[in-house]
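Participant: Sequence and predicted structure are below.
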Amino acid sequence: MPTARVTLRIDNQELIGSSSGSGAVDASLKAIESLVNTHAILELYSVNNITNGTDSQGEVTIRLDKAGRIVNGLGADTDIVIASAKAYINAVNKLHAPNQRRHPQKGDV
């Protein structure tokens, strides 16, 4: 069974989380979630190549939904597991940032 162990620096404190999952990406994202506790729903996971060749970079897009607030995170790396972790962390950081953008259709925050 795939397992992952991640180390994150949150508020100047190093935290270590680990988890298992159905694959390396699943285990990594679960390990990150065990540290950040967003309880967000993963709405989208998309992988695209951004360069060509055997050493091409992959770009991962992750969409999280937490109580109706939807954010997208992006990450890129030659290792798709690392790109996925970067994208997840990018989305989590957006969830923790204050929502100051107006809804394009509703006109409210």
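Facilitator: Received, thanks.
Participant: quick one: the strands in the chain?
Facilitator: Secondary structure of the chain (DSSP state E): strands located at 3-10, 13-20, 41-49, 58-66, 69-77.
Participant: ranking these by burial, who's on top?
Facilitator: Most buried of those by mean neighbour count (mean count of other CB atoms under 10 Å) is strand 58-66; its value is a mean of 19. (Each C-beta comes from the backbone N, C-alpha and C, glycine too.)
Participant: Not counting its own residues, what contacts stretch 91-102?
Facilitator: The contact list for stretch 91-102 (CB atoms under 8 Å, 6 or more residues apart in numbering) reads 32, 36, 38, 40, 62-64, 66, 69, 71-73, 108-109.
Participant: Which pair of these spans the longest distance?
Facilitator: Farthest-apart pair in those is 32 and 108; separation 30.9 Å (CB to CB).
Participant: Between those two, which has more neighbouring residues?
Facilitator: Neighbours were counted for residue 32 and for residue 108 using other CB atoms under 10 Å; residue 32 has more, 20 against 6.
Participant: any idea how far that one lies from residue 92?
Facilitator: Relative to residue 92, residue 32 is positioned 7 Å away (CB to CB, to the nearest Å).
Participant: Low-confidence stretches in the chain?
Facilitator: Under the criterion of pLDDT under 70, the regions of the chain flagged as low confidence span 100-109.
Participant: Pick out the residue nearest the middle of it.
Facilitator: Relative to the mean C-alpha position of the chain, the nearest C-alpha, by CA atoms, centre = their mean, is the one of residue 88, at 0.6 Å.
Participant: Residue 53 versus that one, what's the distance?
Facilitator: Look at residue 88 and residue 53: by CB to CB, they are 26 Å apart.
Participant: List the backbone torsions phi and psi for residue 53.
Facilitator: Comment: the main-chain dihedrals of residue 53 come out as phi 100, psi 180, following degrees, to the nearest 10.
Participant: Distance check, it against residue 77.
Facilitator: Look at residue 53 and residue 77: by CB to CB, they are 15 Å apart.
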